[in-house]
Every structure is written in structure tokens, then in C-alpha cells.
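Trainee: The sequence and its predicted three-dimensional model are supplied below.
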Number of protein chains: 2
Amino acid sequence: MKVFIAGIDGYLGWPLAQYLTARGHRVAGNDMFYRRQWVAEIGSHSAIPVYDLPERQRAFRDRYGCDLIFRQGDLLDYQFLKSFLEDFQPDAIVHLAEMPSAPYSMIDQAHAAFTQHNNVIGSLNLLWAMKEVCPEAHLVKLGTMGEYGTPNIDIPEGFFEIEFRGRKDRLPFPRQAGSFYHWSKVHDSNNTMFACKIWGLKATDIMQGVVFGTSIDEMGGNPRLYSRLDFDQCFGTAVNRFCCQAVIGHPLTLYGAGGQTRGFLPLRDSMQCLTITIENPPTAGEYRVFNQFEECYSVEELAYMVQAVGNEAGLNVEVHHYDNPRKELDKHYFNPDRQHLINLGYQPTHDVRAEMRLMLRDLIPYRDRIAEKQDILIPDIRWDGTRRRSQMIDEPAPSVRH
Amino acid sequence: MKVFIAGIDGYLGWPLAQYLTARGHRVAGNDMFYRRQWVAEIGSHSAIPVYDLPERQRAFRDRYGCDLIFRQGDLLDYQFLKSFLEDFQPDAIVHLAEMPSAPYSMIDQAHAAFTQHNNVIGSLNLLWAMKEVCPEAHLVKLGTMGEYGTPNIDIPEGFFEIEFRGRKDRLPFPRQAGSFYHWSKVHDSNNTMFACKIWGLKATDIMQGVVFGTSIDEMGGNPRLYSRLDFDQCFGTAVNRFCCQAVIGHPLTLYGAGGQTRGFLPLRDSMQCLTITIENPPTAGEYRVFNQFEECYSVEELAYMVQAVGNEAGLNVEVHHYDNPRKELDKHYFNPDRQHLINLGYQPTHDVRAEMRLMLRDLIPYRDRIAEKQDILIPDIRWDGTRRRSQMIDEPAPSVRH
């Protein structure tokens, strides 16, 4: 299959290009290298060095024996997008070209407006370009489990049958996102659902959990092929951040009570699920939603797992609570479905500790790179629009809990 | 009260400025005059001549004895917006500054992207500006009943209590909008709900039905004070378009079977409801949704009412069905609530025919202006992204049905 990856230089795009190529698919993609700029803007860098794209292309050719088709350009540039799709004629398009950080979207008006403009108009352009150039292609759009928020009822996959005042209908499941970034993804989901309805496009909207991991087996342990790994308050998600903190002896930073429960999945599971999705397209006009995660965990639970694995590896890992810079419940009901991908053959990694061990192995060589930026490990971007560094709100936790 | 009207030169903004001023409120507002440009772009003009803003300001002063505070500028220009709000310090802000046409948003990629950018980022900027400048002010945001689409269950006002798999929650009512314009309004509703939650802003989100009417009593029959009245396929909504067609002897244009049922309300009811809303603000942090309409009608029902009223007035009015350029159900269940405004004292106009008589009276002097543009009365903007003029799909209907 010919697969176009929008955002091919990113945390998921780069390993996905490899995972798909290793399975015989042909891959092309675009990027604007914004992620590299955003991380620099907030004063950080990837824990694992990120090579420039020509070097990545050379490493890719060495490993997989074929070229990675790449053009620098933006989904906001409609003519660029159209002509790339016209030339490549993809069977599937994986949309990973959105600004993916909740805190970054909450910094101020300019960052909120940038995020929603980039994500909503970029995705809208992609829908129009597909309609005009390749209406038979399958759009695999990356949403987020964060679109749902934390309702007090089970979370189905996108739609639910309900009864209200004695009448029944199947309706989109209500979204209650928690940042302007998360809302931009909801807006995109809505536009995508509508485009499938009116134009007969086919799309799978992936409500993905929080991904963690440094590498996948296909990379063969070659750091030039590794993905980026961010640990800052904006682009460093929970487990990735915890692992980086662990290797430099910084306390793991839980926000508030740490009871926030989310779906999580290792990078290898994300690759597996996206590939299963690509290889099993929906029918014309179908808009389907997959909840994509290995299992639900509270962030506290994951922090103590990283602590346990780190201590086994001879690190001295502490876990601390900090006042929560976000506005979110830190104790809540959370029970999402994730049957669709299982039905298509997804086999979840159940040994999350083994994944964490690999992460620490990959990260320890870059201890100094992480330590160099350790002053950005405590968040200061607050949901009330101010900047104030979070304070530790507990006594040091016992150093081993699991 | 000091009321800021974003979009004060438009169909609703201009009469609202007068209605509020007549009741002793102090009004200021901005506009970019885009509506005038959009209507010209698609080859039409307002049936009732629209004076330029300095002339409108003079007429306003003559009638109400006070100045209309106005600045030309855009919600997309954040510094302009902030400084205007800083200077005026409003108690309430009525947001009428969105691109309001479904067909205009469906023309092509550029129009869809313009619509969502203008509406989503303009509204997002307004939320940030309120947070920074006047967090105590009350935002009255104009959504649309079209956000809901036509679900097969009753439509509550924004939220509903449901039971799903044995658990209960109060959730936002799912939206199923029917154009990129309508979706932009959903996106705005979502961003507004979120801003109230995290920043304690107060907002009323008005899910307004289709407004019709040429003037309100406050204008004292002075055409310099009348609002614009569009009749083209983009900005001419059902009853307004029918009345213009009736006065020039053009068949009233029903799309498809004409069974599309919507909430409708006369312009005077819209003014009444918005004023009631402004004068009864919610509490800090409250995001409330009002469904705002006089009554639900099918478009066919309204067409035959215009026909009856027109024929009484000596016009010879025919009603015809044309193939529907939109993708929508033309027969469906539709039962929305509208209790909140009634509870606050809204008294619906029940004599819709009397309103139509006034409209024909106001429009007959401008017969020639309408006739001049009669070649744009048949729609050609189709939801599949093409342009093709709709064909008449019925035999001439009997000239009197009611």
C-alpha cells in the first residue's frame, strides 16, 4: 500500500515510516519541522538526539534499502498539499501533522490561536485535498482519548445508542476536552465525520491514549533511527517524562493527587494499531472511531512502576506530588471501550515494565543531555493563563513502593 | 448596561444596537463590513438599501439622541479587540461577528477554510480578550439551532441527563451540524464552554433559529434605520428569500420535498430574546445554552404562508420544488425545547402572517432592486463541492393552497 504520513518527522511519524516500510508498504510524507522548533522555544530538546532529515533519510536507506519520499511543506499550504497527493496517489493517509501539546496550547492567546488554526485548518485542508485528489484513500486521523474528558459513564468508541424521553438514536458521544489543543482535535473529529457523510470519504479517527517508548524493534538498536523523546512540560508525556526524570535522579512529577486515569500504550503498540487500521480500511462514506490504548492506568500507578523498574536498575527514584497546573479532576471514573482494534487482531503488550526497562536502557546514555535541561522539569504553564512554577505538595514518598 | 456588539453593521447587529439603545443601554461595536463584501462577491445586494456607516450613525443620532460608538476592525486582530474592550469596559458582549452562511462555507476549500478560521479564531480571541480585560462581562454568543442537526430524539437546551450502561451523567448534547459553517459554530460553542469552565467566564450560547423580518418598531418606519435584507442563496434565509421572491413574482424556491423543519423567529423576537438574555446574566463560571425560536415550521409550511399573504396583497405567488443542493434530510423528527427564554419572560410573536405582511410592505418599494438580481435566486452551490443550478422538480403548484 502507498501510505502518506503527514508529520513524518515527529515522534510517531518517524517510527511509523519505518514500521510500515519494514512490512512492505511504500511511504511518503511531509513535515515543517515545527516540533523541533516548539521544543526549542520552550527551552528544551529531545533526550535522544534527533538527526536532521537528510541524515535520517540516509539511515533509512541503509536500514530498509529504499528511499523515504519527503517534501518540506505545510498542510496550511493547500497547493503544496494537493500537488504532493497528486504525485504520490496514496491509498492511505495518516494525519500526524497537528500541534500535539495541551500546555503549549494554554500558554497565551497567541499559542491557543496558533494551535487551533494549525490543527483545524490543516485538517480541513487535508479533507478537501482528499476529496479533490484521492477520494478513495483512507484517512487515518489521530485524535486523542483526551477528546472524551472524564465523563461519569463508560466511553464507547465514538458513538452510542441512547434513549432519551422514550425515543432512541445513535449519536456521536459527547466530548469534554481539557485544553484548547484537545478541543482542536474534537473540532477535527467533527469536520472529518461531516466530510465522510457528505463526500463519501472513508476515515478512521483514532482516539489514542498516551504513548510512551523510545524505540521499536525495527530500528535494530540504531540511534540514528530512534524517535525523538521529549521530557519537558509541553511535549514530554507522562511515562516518557518519568523515565527521563528517573535516569537523572530527579523526582517523578505527579500533578495533584496523581489519580488522573488515562489509556496508555507503548510506542510499539501504537505502530501495531495504526498498521492494523491502515490494512483494514472502512468502506466509502464510513467514519469509524477506534479507541486505541493498551490499558488504563492512573499516572500515579505508572510513576510507581517507573520507580520500581528504575530502582531495580540501580537508580534512586523518588515520586513527588506537585500542585496541579492544569484544571482537571485528579480522581474520577474512567472506563473506555477498546474492542474495535482487538477485533481486528491487536495484541496489546501486557508487560509495561519490560517496556520501561528498555526505555531506561535507551535513555541512560543521554543522561547529560537530560540533566542539562533539568530546570524545565517542573511545570509552570497554568490553565488560568499565568506562569507559576508548581510547588511540591507532599513529603518525600518512600523510595520503594512496588 | 454597557453592551459591546461584535458585528454591529450586520443583519442582527444593527437593529440590536437600536433596540438596546431605545431601552436605555449604552452600545458600542465593531465591524469589518465583510457581510457587504460577501454578498457582493456572490453577485447580489441587500433588497433594502444599506447606508454606509457614517450615514447610519447620523440616522442613529437623529432617532435616539446619542452617538453610536463604532470602530472598524476585526476579532482576528487581537490587539484591536483588546484595546477596544479596555476602553469601553462592557457589561455584556454580543458576538455577531461570524460568517453566517452555510452555502458560502461549502463553495470550495478556500471558503471553508476562511469560514472556520474567521469564526473559530475570532471567537477564541474574544474569549481570551474577555479573560484578560473584562472577565466579569457576560458573553452572549450566537450559535445556531443548526448545530444540533436533526437527531431522532428531542433536543434539550445544550445539555441532557442520560443513563448509559447503568450509570448516569449530565453531558453536552451531541451536535450533528450540516455545513462547515454550522460546524464552526459548534467548535465555538465547545471553546466557549471550556473557557467558562477553566476561567470562570459567564456565557449564554444562543442556539438561534432562522430569523426573518425587515424592520422593528423602534426604527419608526425610517428606511435609513432598516436592517439589510438578503435574498441570495448564501445570505438569504428561507422566509426573507420567499418574501423577496413573492414581491417580484418569482416562484418561491423549496429545496427538495420542503419538509425540512427548523425553529424560526421574527427579527423582533430575536431582539426581545437577546435583550432578555443580556438583562439576565448567568453567574460566574456558568455556561448556559438557550434554544431561541418562536416556533418550529417546515419550510414548505412557511412558503405557503408567504403565498397566502402575498396573494391577499394582490401578488401572484407560486411555490416550486427544486432539487436540493444541500445534503440534508427533507423529512425528519424535530422537537427542540425552548423553555429557558420563556421562563425569563420571552413572549413569542404568534402572528407570523402579520410579520410577513409587514415584510411585503417594506419590500414592495424595492421590487426593482430585487428583480435586478433575479438570476441569482436559484441556488447552484452544492454540498458535493460542485456548482450546478438546481432544477425545478415539480409541476407548478396551485397558486393558492391556504
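Mentor: Now that the structure is in, tell me what you want to look at.
Trainee: any weak-confidence spans in the stretch 201-350 of chain A?
Mentor: Applying pLDDT under 70 to the stretch 201-350 of chain A flags no residue at all.
Trainee: Tell me the residues on it that lie near chain B, please.
Mentor: Selection of the stretch 201-350 of chain A residues close to chain B by CB under 8 Å from any CB of the partner chain yields A:327, A:333. (Each C-beta comes from the backbone N, C-alpha and C, glycine too.)
Trainee: Not counting its neighbours along the chain, what's nearest whichever residue of the stretch 201-350 of chain A sits closest to chain B?
Mentor: As assessed by CB to the nearest CB, chain B sits closest to A:Lys327 within the stretch 201-350 of chain A, at 4.6 Å. Sequence neighbours aside, A:Trp383 is the residue nearest to A:Lys327 in space, at 4.1 Å (criterion: CB to CB, 6 or more residues apart in numbering or on different chains).
Trainee: For that neighbour, give its distance to A:Asp330.
Mentor: Distance of A:Trp383 to A:Asp330, computed by CB to CB, to the nearest Å: 13 Å.
Trainee: wait, the residue of the stretch 201-350 of chain A closest to chain B sits on A:Gly178?
Mentor: Yes - A:Lys327 is within contact range of A:Gly178, at 7.3 Å (criterion: CB atoms under 8 Å).
Trainee: quick one: which of these two has more around it?
Mentor: For A:Lys327 versus A:Gly178, neighbours defined as other CB atoms under 10 Å in any protein chain shown are more numerous around A:Gly178 (23 against 15).
Trainee: ok but A:Arg389 is inside a strand, no?
Mentor: No - assigned with DSSP: H, G, I helix; E, B strand; the rest coil, A:Arg389 falls outside any strand and is coil.
Trainee: Neighbours of the closest residue to it other than its chain neighbours, how many?
Mentor: Nearest non-adjacent residue to A:Arg389, counting by CB to CB, 6+ apart: A:Asp380, 4.4 Å away. Neighbourhood size, A:Asp380 [other CB under 10 Å]: 13.
Trainee: Also the one 5 residues further on?
Mentor: The criterion is other CB under 10 Å. On that basis, A:Gly385 has 16 neighbouring residues.
Trainee: Pull the contacting residues for it.
Mentor: A:106, A:108, B:128, B:131-132, B:199 (CB atoms under 8 Å, 6 or more residues apart in numbering or on different chains).
Trainee: at 7 Å what do you get?
Mentor: For A:Gly385, the contact set (CB atoms under 7 Å, 6 or more residues apart in numbering or on different chains) comprises A:108, B:131.
Trainee: How is it assigned, secondary-structure-wise?
Mentor: Going by three-state DSSP: A:Gly385 is coil.
Trainee: okay, it: pLDDT?
Mentor: On the pLDDT scale, A:Gly385 is placed at 90.
Trainee: could you measure it against B:Gly236, distance?
Mentor: 41 Å.
Trainee: what does A:Gln292 give?
Mentor: 45 Å.
Trainee: which of those two has more neighbours?
Mentor: Using other CB under 10 Å, the more surrounded residue of A:Gln292 and B:Gly236 is A:Gln292, with 29 against 26.
Trainee: OK, contacts around that one?
Mentor: Counting by CB under 7 Å, 6+ apart, A:Gln292 has contacts A:206-209, A:265, A:273, A:338, A:341.
Trainee: Adding distance to B:Phe231, write the residues you listed out as a markdown table.
Mentor: Converted to a markdown table, the contacts of A:Gln292 look like this (distance: CB to CB, whole Å):
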| residue | distance to B:Phe231 |
| --- | --- |
| A:Ile206 | 45 |
| A:Met207 | 44 |
| A:Gln208 | 47 |
| A:Gly209 | 51 |
| A:Leu265 | 55 |
| A:Cys273 | 52 |
| A:Arg338 | 51 |
| A:Leu341 | 51 |
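Trainee: Could you export those as JSON lines, including secondary structure and neighbour count?
Mentor: Shown next, in JSON lines, are the contacts of A:Gln292 (DSSP: H, G, I helix; E, B strand; the rest coil; neighbours: other CB atoms under 10 Å in any protein chain shown):
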{"residue": "A:Ile206", "secondary structure": "strand", "neighbour count": "24"}
{"residue": "A:Met207", "secondary structure": "strand", "neighbour count": "26"}
{"residue": "A:Gln208", "secondary structure": "strand", "neighbour count": "24"}
{"residue": "A:Gly209", "secondary structure": "coil", "neighbour count": "25"}
{"residue": "A:Leu265", "secondary structure": "strand", "neighbour count": "28"}
{"residue": "A:Cys273", "secondary structure": "helix", "neighbour count": "26"}
{"residue": "A:Arg338", "secondary structure": "coil", "neighbour count": "23"}
{"residue": "A:Leu341", "secondary structure": "helix", "neighbour count": "24"}
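Trainee: can you pull out the strands in chain A?
Mentor: Secondary structure of chain A (DSSP state E): strands at A:2-6, A:26-31, A:69-72, A:92-95, A:138-144, A:159-164, A:167-172, A:202-208, A:210-212, A:252-255, A:261-266, A:287-292, A:295-298, A:319-322.
Trainee: Now do the fifth one: everything it contacts.
Mentor: Contact partners of strand A:138-144, identified using CB under 7 Å, 6+ apart, comprise A:91-96, A:130, A:182, A:185, A:188-189, A:192, A:201-208, A:274, A:277-278, A:281-282.
Trainee: give me that answer again for 6 Å
Mentor: Strand A:138-144 has contacts (CB atoms under 6 Å, 6 or more residues apart in numbering or on different chains) with A:92-96, A:185, A:189, A:192, A:202-208, A:277-278, A:281.
Trainee: need the contact list for A:Asp384.
Mentor: Contacts of A:Asp384 (CB under 6 Å, 6+ apart): none.
Trainee: returning to that earlier point: the residue nearest to A:Lys327 and B:Gly200 touch, don't they?
Mentor: No - applying CB atoms under 6 Å as the test, A:Trp383 and B:Gly200 come out as separate, 11.5 Å apart.
Trainee: Which one's more surrounded, the two?
Mentor: A:Trp383 (20 against 15).
Trainee: residues in contact with that one?
Mentor: A:106, A:326-327, B:198.
Trainee: Mark which of those are part of helices, please.
Mentor: Under the assignment DSSP state H, these contribute B:Ile198 to helices.
Trainee: Great, nothing more from me.
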